[in-house]
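In: Just the structure for this:
(2 chains)
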Protein chains: 2
Amino acid sequence: MSSENIIPFEKIVTKEQRLKLMGHGSTILWFTGLSGSGKSTLSHGVEAVLLEKSIHTYVLDGDNLRTGLSKDLGFSSEDREENIRRIGEVSKLFLDAGIITLSAFISPYKKDRDIVRSLVDPGDFIEIFVKCPVSVCEERDPKGLYKKARSGEIPEFTGISSPYEEPENPEIVVDTSKQSIEESILSIVDYLEQKKYFSI
Amino acid sequence: MSSENIIPFEKIVTKEQRLKLMGHGSTILWFTGLSGSGKSTLSHGVEAVLLEKSIHTYVLDGDNLRTGLSKDLGFSSEDREENIRRIGEVSKLFLDAGIITLSAFISPYKKDRDIVRSLVDPGDFIEIFVKCPVSVCEERDPKGLYKKARSGEIPEFTGISSPYEEPENPEIVVDTSKQSIEESILSIVDYLEQKKYFSI
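Out: Residues are numbered from 1 along each chain as shown, chains lettered A, B, ... in the order given. Have a look, this model is predicted:
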């Protein structure tokens, strides 16, 4: 059976109807940055602020996804690519469902992030570069992973033994070595308000 | 990096908070049956009825998913297994997001459906057997796939050249060769109402 045999059904309930029921627009907030830069903290923080505004959200988290959809994948560049591809497709489904989707992944390769961006309409992918020097991330080391990477216990660790390609034109940059968590969260929410993402 | 290095963050916004905002419970409605049995028609029909009740839904559709998340997979038993595994994991994420998730797939193997069931709490997976004799499905042949299967153009076609394992204890059975689409849709919605799935 080839792809030409796949005929998507016309949706009876449309995305517009789902958004109307949600009461707000949907988009993908893609948090990219080094381990320890603050992606998960920020994504959960933004989610908490949006909950107060009665906005429906969901966090797709690299670590959590790794225990489910991508549990068959490792951390080679090929497996990272496939991991990000899958998360991109899942983010697209959540976007279509009318959810503000917060996807927090190291996602070190520009090419892989750009593939996700290309899956959706312009404006539906907001790249948030969670900037933080590797030295600061390593000092924080919330999960003790940098220590394991330095000892060689973890091979191919982003920022140490595997590259991180910084975004060239991200929609939002937060520098968690200079801004507080609260400031970073509010700058993201402000962006969404200014761009009228909460309007349908 | 092994799985022991993966520490899921404690969610700041809980599933309970998301459900409260949604205003209803969430579950997975898993439609299984032969090609042409009516899975997609029924899932979209149930979605339309639930929209009128202001219930947030999303249809995960085999054909649509095949153009995205599972576009790298074919139709061998191994690839069907991996396809259903991925859809199961995605359904679980949607369930956690607070959405009534309608997953419509042939999903021919009992083992694969049971794996999805085991991923979530009891009651969060409602198996709907969309029953219809293969002769009736073949007569309908809405996409002309049975014709291609008979001519050998499509190998491994469920019900013709590949097995379909009927559910042994599905929560709901609808027989689309005997019931109308409307009757089938209402029997599913009635089940959800009786079991109080719309209550939080």
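
In: tell me the strands in chain A, going along the chain?
Out: Along chain A, the segments classed as strands by DSSP state E run A:28-32, A:57-61, A:100-104, A:125-131, A:172-175.

In: And those strands: which comes nearest B:P122?
Out: Closest to B:P122 of these, according to Cβ to Cβ: strand A:57-61, at 23.0 Å. No exception for glycine: its C-beta is placed from N, CA and C like everyone else's.

In: returning to that earlier point: relative to chain B, which of the strands of chain A is closest?
Out: Closest to chain B of these is strand A:57-61 (Cβ to the nearest Cβ; 4.2 Å).

In: Identify all contacting residues around that closest one.
Out: For strand A:57-61, contacts defined as Cβ atoms under 8 Å, 6 or more residues apart in numbering or on different chains pick out A:40, A:43-44, A:46-47, A:50-51, A:87, A:90-91, A:94, A:99-105, B:8-9, B:11, B:13, B:18, B:93, B:96-97.

In: what's the distance between the lowest-mean-pLDDT helix or strand in chain A and the middle of its chain?
Out: Among the helices and strands of chain A, helix A:62-65 carries the lowest confidence by mean pLDDT, DSSP states H and E, at a mean of 77. In terms of Cα atoms, centre = their mean, to the nearest Å, the centre of helix A:62-65 is found 11 Å from the chain centre.

In: coming back round to it: among the contacts of strand A:57-61, name the buried ones.
Out: Taking 16 or more other Cβ atoms under 10 Å in any protein chain shown as the criterion, what is buried in those is A:40, A:43-44, A:46-47, A:50-51, A:87, A:90-91, A:94, A:99-105, B:9, B:11, B:13, B:18, B:93, B:96-97.

In: check whether stretch A:124-132 contacts chain B.
Out: No. Against chain B, stretch A:124-132 shows no contacts by Cβ under 8 Å from any Cβ of the partner chain, the least distance being 14.5 Å.

In: Off-centre distance for that stretch?
Out: 8 Å.

In: repeat for stretch A:171-178
Out: So, by Cα atoms, centre = their mean, the centroid of stretch A:171-178 is 15 Å from its chain's centroid.

In: again with stretch A:193-200
Out: Its chain's C-alpha centre and that of stretch A:193-200 lie 19 Å apart, by Cα atoms, centre = their mean.

In: quick check, it touching chain B?
Out: No. Applying Cβ under 8 Å from any Cβ, one finds stretch A:193-200 separated from chain B by no less than 14.1 Å.

In: need the contact list for the residue nearest the centre of chain A.
Out: Among the residues of chain A, the one closest to the centroid is A:S103, at 2.5 Å (Cα atoms, centre = their mean). Shown in contact with A:S103 (Cβ under 8 Å, 6+ apart): A:I28, A:L29, A:W30, A:F31, A:S43, A:V59, A:L60, A:I87, A:S91.

In: residues contacting the fourth one?
Out: With Cβ under 8 Å, 6+ apart as the criterion, the residues that contact A:F31 are A:K39, A:L42, A:S43, A:L102, A:S103, A:A104, A:F105, A:I128, A:V130.

In: The fourth one contacts A:E47, correct?
Out: Yes. With contact defined as Cβ atoms under 8 Å, A:L102 reaches A:E47; the gap is 5.9 Å.
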